[in-house]
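Peer 1: Okay, sequence plus prediction incoming.
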Amino acid sequence: METELKLRFEQSTHLMAVLDEPWFKEFLLPDESGVLRFRNRYFDTKDYKFRSKKAVVRVREVEDHPYIHTVKTSAGHADGLHQRFEWNCECDQDEFDPVFFLSHTSLGSDPVSILESVLEPAVHDEFICLFETVFTRTRMLGGYGNSIFEIALDVGEIIAGNKREPICEMEIELIEGDVRDIIAVGEMVQSHCSCVPENMSKFSRAIVMLEAETSE
(Lines give C-alpha, C1' and ligand atoms only; values in the text may rest on other atoms or scores of the structure.)
Protein backbone atom coordinates (compact mmCIF):
# COMPACT_ATOMS: atom_id res chain seq x y z
CA MET A 1 0.00 0.00 0.00
CA GLU A 2 1.21 3.48 -0.89
CA THR A 3 1.11 5.94 2.02
CA GLU A 4 1.98 9.57 1.43
CA LEU A 5 1.42 13.01 2.88
CA LYS A 6 0.64 15.79 0.43
CA LEU A 7 1.17 19.51 1.15
CA ARG A 8 0.05 22.29 -1.19
CA PHE A 9 2.08 25.47 -1.71
CA GLU A 10 0.75 28.59 -3.42
CA GLN A 11 4.03 29.55 -5.08
CA SER A 12 6.72 27.37 -6.62
CA THR A 13 9.44 29.68 -5.30
CA HIS A 14 8.29 28.98 -1.74
CA LEU A 15 8.20 25.24 -2.41
CA MET A 16 11.66 25.04 -3.92
CA ALA A 17 13.12 27.33 -1.25
CA VAL A 18 12.89 24.50 1.29
CA LEU A 19 15.90 22.88 -0.39
CA ASP A 20 18.13 25.60 1.07
CA GLU A 21 16.69 25.53 4.59
CA PRO A 22 18.94 24.02 7.32
CA TRP A 23 15.95 22.48 9.16
CA PHE A 24 14.89 20.71 5.95
CA LYS A 25 18.39 19.42 5.19
CA GLU A 26 18.40 17.67 8.56
CA PHE A 27 15.82 15.20 7.20
CA LEU A 28 17.81 14.31 4.10
CA LEU A 29 19.77 11.07 3.79
CA PRO A 30 23.03 10.68 1.83
CA ASP A 31 21.55 9.93 -1.56
CA GLU A 32 21.63 11.35 -5.05
CA SER A 33 18.66 13.66 -5.42
CA GLY A 34 17.17 13.68 -8.89
CA VAL A 35 15.08 15.88 -11.14
CA LEU A 36 12.69 14.22 -13.59
CA ARG A 37 10.19 15.58 -16.09
CA PHE A 38 6.90 13.66 -16.11
CA ARG A 39 4.03 13.53 -18.56
CA ASN A 40 1.13 11.49 -17.18
CA ARG A 41 -1.99 10.50 -19.09
CA TYR A 42 -5.04 9.16 -17.26
CA PHE A 43 -7.39 6.67 -18.89
CA ASP A 44 -10.88 5.30 -18.39
CA THR A 45 -13.54 3.48 -20.35
CA LYS A 46 -16.27 5.47 -22.08
CA ASP A 47 -18.69 4.52 -19.33
CA TYR A 48 -16.14 5.30 -16.58
CA LYS A 49 -15.73 1.82 -15.16
CA PHE A 50 -12.54 2.78 -13.33
CA ARG A 51 -13.96 5.90 -11.71
CA SER A 52 -16.96 3.90 -10.51
CA LYS A 53 -14.52 1.70 -8.58
CA LYS A 54 -12.50 4.68 -7.29
CA ALA A 55 -9.58 3.50 -9.39
CA VAL A 56 -6.96 5.46 -11.33
CA VAL A 57 -5.26 4.18 -14.48
CA ARG A 58 -2.19 6.16 -15.53
CA VAL A 59 0.54 5.94 -18.15
CA ARG A 60 3.67 7.88 -17.17
CA GLU A 61 6.23 9.06 -19.69
CA VAL A 62 9.70 9.89 -18.36
CA GLU A 63 12.50 11.05 -20.65
CA ASP A 64 14.96 8.22 -21.47
CA HIS A 65 12.97 5.72 -19.37
CA PRO A 66 10.38 3.04 -20.17
CA TYR A 67 6.72 3.94 -19.84
CA ILE A 68 5.34 3.22 -16.38
CA HIS A 69 1.76 1.95 -16.31
CA THR A 70 0.03 2.28 -12.93
CA VAL A 71 -3.28 1.29 -11.39
CA LYS A 72 -4.28 2.76 -8.02
CA THR A 73 -7.33 2.36 -5.81
CA SER A 74 -8.04 4.63 -2.88
CA ALA A 75 -7.90 3.28 0.66
CA GLY A 76 -8.83 6.64 2.21
CA HIS A 77 -7.43 10.11 2.91
CA ALA A 78 -7.54 12.68 5.70
CA ASP A 79 -5.55 15.80 6.63
CA GLY A 80 -3.37 15.43 3.54
CA LEU A 81 -2.53 11.78 4.25
CA HIS A 82 -3.39 9.47 1.35
CA GLN A 83 -3.34 5.67 1.33
CA ARG A 84 -3.78 3.65 -1.85
CA PHE A 85 -3.27 0.19 -3.25
CA GLU A 86 -0.90 0.46 -6.20
CA TRP A 87 0.42 -1.77 -8.98
CA ASN A 88 3.04 -0.83 -11.61
CA CYS A 89 4.39 -2.18 -14.87
CA GLU A 90 7.29 -0.85 -16.95
CA CYS A 91 7.03 -1.41 -20.70
CA ASP A 92 7.52 0.21 -24.13
CA GLN A 93 3.79 0.66 -24.80
CA ASP A 94 2.32 4.16 -24.63
CA GLU A 95 -1.32 2.96 -24.47
CA PHE A 96 -2.86 1.09 -21.55
CA ASP A 97 -3.77 -2.58 -22.11
CA PRO A 98 -5.49 -4.28 -19.15
CA VAL A 99 -4.66 -7.81 -20.33
CA PHE A 100 -0.98 -6.96 -20.72
CA PHE A 101 -0.97 -5.19 -17.36
CA LEU A 102 -2.52 -8.12 -15.51
CA SER A 103 0.07 -10.50 -16.91
CA HIS A 104 3.14 -8.29 -16.47
CA THR A 105 2.57 -6.10 -13.42
CA SER A 106 4.69 -6.30 -10.30
CA LEU A 107 2.12 -7.41 -7.73
CA GLY A 108 4.05 -6.59 -4.56
CA SER A 109 2.01 -7.05 -1.39
CA ASP A 110 -1.23 -5.40 -2.53
CA PRO A 111 -4.17 -7.77 -3.11
CA VAL A 112 -4.33 -9.02 -6.71
CA SER A 113 -8.07 -9.62 -6.26
CA ILE A 114 -8.64 -5.86 -6.03
CA LEU A 115 -6.64 -5.26 -9.21
CA GLU A 116 -8.56 -7.97 -11.06
CA SER A 117 -11.89 -6.54 -9.91
CA VAL A 118 -10.92 -3.21 -11.49
CA LEU A 119 -9.44 -4.39 -14.79
CA GLU A 120 -11.19 -7.61 -15.75
CA PRO A 121 -14.60 -5.97 -16.44
CA ALA A 122 -12.83 -3.60 -18.87
CA VAL A 123 -10.69 -5.99 -20.94
CA HIS A 124 -12.91 -5.58 -24.02
CA ASP A 125 -13.55 -1.85 -23.64
CA GLU A 126 -12.13 1.03 -25.60
CA PHE A 127 -10.12 3.49 -23.49
CA ILE A 128 -10.13 7.26 -23.62
CA CYS A 129 -7.57 9.71 -22.26
CA LEU A 130 -9.35 11.91 -19.75
CA PHE A 131 -6.61 14.46 -19.08
CA GLU A 132 -2.89 14.77 -18.48
CA THR A 133 -0.46 16.24 -16.00
CA VAL A 134 2.96 17.63 -16.87
CA PHE A 135 5.38 18.50 -14.12
CA THR A 136 8.95 18.50 -12.92
CA ARG A 137 9.69 16.39 -9.86
CA THR A 138 12.66 16.99 -7.58
CA ARG A 139 13.04 13.88 -5.43
CA MET A 140 15.27 12.95 -2.48
CA LEU A 141 15.36 10.45 0.37
CA GLY A 142 14.65 11.49 3.93
CA GLY A 143 14.68 9.94 7.35
CA TYR A 144 13.02 10.72 10.66
CA GLY A 145 12.39 8.60 13.74
CA ASN A 146 12.45 4.99 12.60
CA SER A 147 11.27 5.75 9.08
CA ILE A 148 12.64 6.29 5.59
CA PHE A 149 10.62 8.24 3.05
CA GLU A 150 10.84 9.87 -0.35
CA ILE A 151 10.28 13.60 -0.60
CA ALA A 152 9.03 14.88 -3.96
CA LEU A 153 8.64 18.53 -4.94
CA ASP A 154 6.27 18.74 -7.92
CA VAL A 155 5.88 21.85 -10.07
CA GLY A 156 3.83 21.89 -13.27
CA GLU A 157 0.22 21.84 -14.39
CA ILE A 158 -2.92 19.77 -14.87
CA ILE A 159 -4.36 19.93 -18.39
CA ALA A 160 -8.02 18.92 -18.54
CA GLY A 161 -9.93 19.86 -21.67
CA ASN A 162 -9.47 23.59 -22.16
CA LYS A 163 -8.65 24.17 -18.51
CA ARG A 164 -5.27 24.32 -16.79
CA GLU A 165 -4.39 24.47 -13.12
CA PRO A 166 -0.97 24.66 -11.45
CA ILE A 167 0.69 21.81 -9.60
CA CYS A 168 2.78 23.03 -6.67
CA GLU A 169 3.07 20.46 -3.92
CA MET A 170 5.31 18.42 -1.67
CA GLU A 171 4.71 14.70 -1.33
CA ILE A 172 6.25 12.70 1.52
CA GLU A 173 5.89 9.00 0.74
CA LEU A 174 6.62 6.39 3.38
CA ILE A 175 9.09 3.74 2.18
CA GLU A 176 9.50 1.93 5.47
CA GLY A 177 8.67 2.69 9.08
CA ASP A 178 5.81 4.37 10.89
CA VAL A 179 3.21 6.61 9.28
CA ARG A 180 3.32 8.81 12.38
CA ASP A 181 6.84 9.84 11.41
CA ILE A 182 5.83 11.34 8.07
CA ILE A 183 2.89 13.06 9.78
CA ALA A 184 5.39 14.62 12.21
CA VAL A 185 7.63 15.70 9.33
CA GLY A 186 4.63 17.25 7.59
CA GLU A 187 3.76 19.20 10.71
CA MET A 188 7.32 20.53 10.89
CA VAL A 189 7.19 21.58 7.24
CA GLN A 190 3.92 23.42 7.90
CA SER A 191 5.41 25.17 10.93
CA HIS A 192 8.20 26.61 8.75
CA CYS A 193 6.39 27.14 5.44
CA SER A 194 3.25 28.66 4.02
CA CYS A 195 1.53 25.43 2.97
CA VAL A 196 -1.55 23.37 3.82
CA PRO A 197 -2.50 19.69 3.72
CA GLU A 198 -3.88 18.70 0.32
CA ASN A 199 -6.67 16.12 0.44
CA MET A 200 -7.24 16.14 -3.31
CA SER A 201 -4.99 14.10 -5.56
CA LYS A 202 -3.96 15.40 -8.98
CA PHE A 203 -6.53 12.99 -10.42
CA SER A 204 -9.34 14.32 -8.20
CA ARG A 205 -8.49 17.91 -9.06
CA ALA A 206 -8.59 17.11 -12.78
CA ILE A 207 -11.98 15.42 -12.48
CA VAL A 208 -13.38 18.56 -10.83
CA MET A 209 -11.95 20.61 -13.71
CA LEU A 210 -13.56 18.35 -16.31
CA GLU A 211 -16.93 18.47 -14.57
CA ALA A 212 -16.76 22.26 -14.38
CA GLU A 213 -16.01 22.46 -18.10
CA THR A 214 -18.92 20.15 -18.93
CA SER A 215 -21.35 22.26 -16.91
CA GLU A 216 -20.36 25.52 -18.63
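Peer 2: Sure thing, it's come through.
Peer 1: make it CA atoms for all contacts and neighbour counts henceforth
Peer 2: Fine.
Peer 1: can you give me the strands in this structure?
Peer 2: 2-9, 34-45, 55-62, 67-78, 81-91, 127-144, 147-160, 163-176, 195-197 (DSSP state E).
Peer 1: Going by mean pLDDT, which of those comes out lowest?
Peer 2: Lowest mean pLDDT of the strands of the chain: strand 67-78, a mean of 90.
Peer 1: which residues sit against that one?
Peer 2: Here strand 67-78 makes contact (C-alpha atoms under 8 Å, 6 or more residues apart in numbering) with 53-61, 82-94, 96, 101, 115, 199.
Peer 1: Okay, now the sheet partners of it, with direction.
Peer 2: Paired with strand 67-78 in the same sheet, following DSSP bridges, are strand 55-62 (antiparallel), strand 81-91 (antiparallel).
Peer 1: related to what we said a few turns ago, of all the strands of the chain, which one is nearest residue 212?
Peer 2: strand 163-176 (9.3 Å; C-alpha to C-alpha).
Peer 1: quick check: angle from the closest one to strand 147-160?
Peer 2: 160 degrees (axes from the mean of the first three to the mean of the last three C-alpha atoms, to 10 degrees).
Peer 1: Now do the buried residues in strand 163-176.
Peer 2: Within strand 163-176, the residues that qualify as buried are 166, 167, 168, 169, 170, 171, 172, 173, 174, 175, counting by 16 or more other C-alpha atoms under 10 Å.
Peer 1: which secondary structure elements does that strand contact?
Peer 2: Applying 3 or more C-alpha pairs under 8 Å, 6 or more residues apart in numbering; DSSP states H and E, one finds that strand 163-176 makes contact with strand 2-9, helix 12-17, strand 147-160, helix 179-192, helix 202-215.
Peer 1: Start and end of stretch 86-97, how far apart?
Peer 2: End-to-end distance of stretch 86-97 (C-alpha to C-alpha, to the nearest Å): 16 Å.
Peer 1: and it, how far out from the chain's middle?
Peer 2: 15 Å (C-alpha atoms, centre = their mean, to the nearest Å).
Peer 1: Identify the residues contacting it?
Peer 2: Taking C-alpha under 8 Å, 6+ apart as the rule, stretch 86-97 contacts 1-2, 43, 58-59, 61, 66-73, 101, 104-108, 110, 115, 123, 127.
Peer 1: Then stretch 193-206?
Peer 2: 5-10, 14, 42, 56, 77-82, 131, 133, 158-160, 167, 190.
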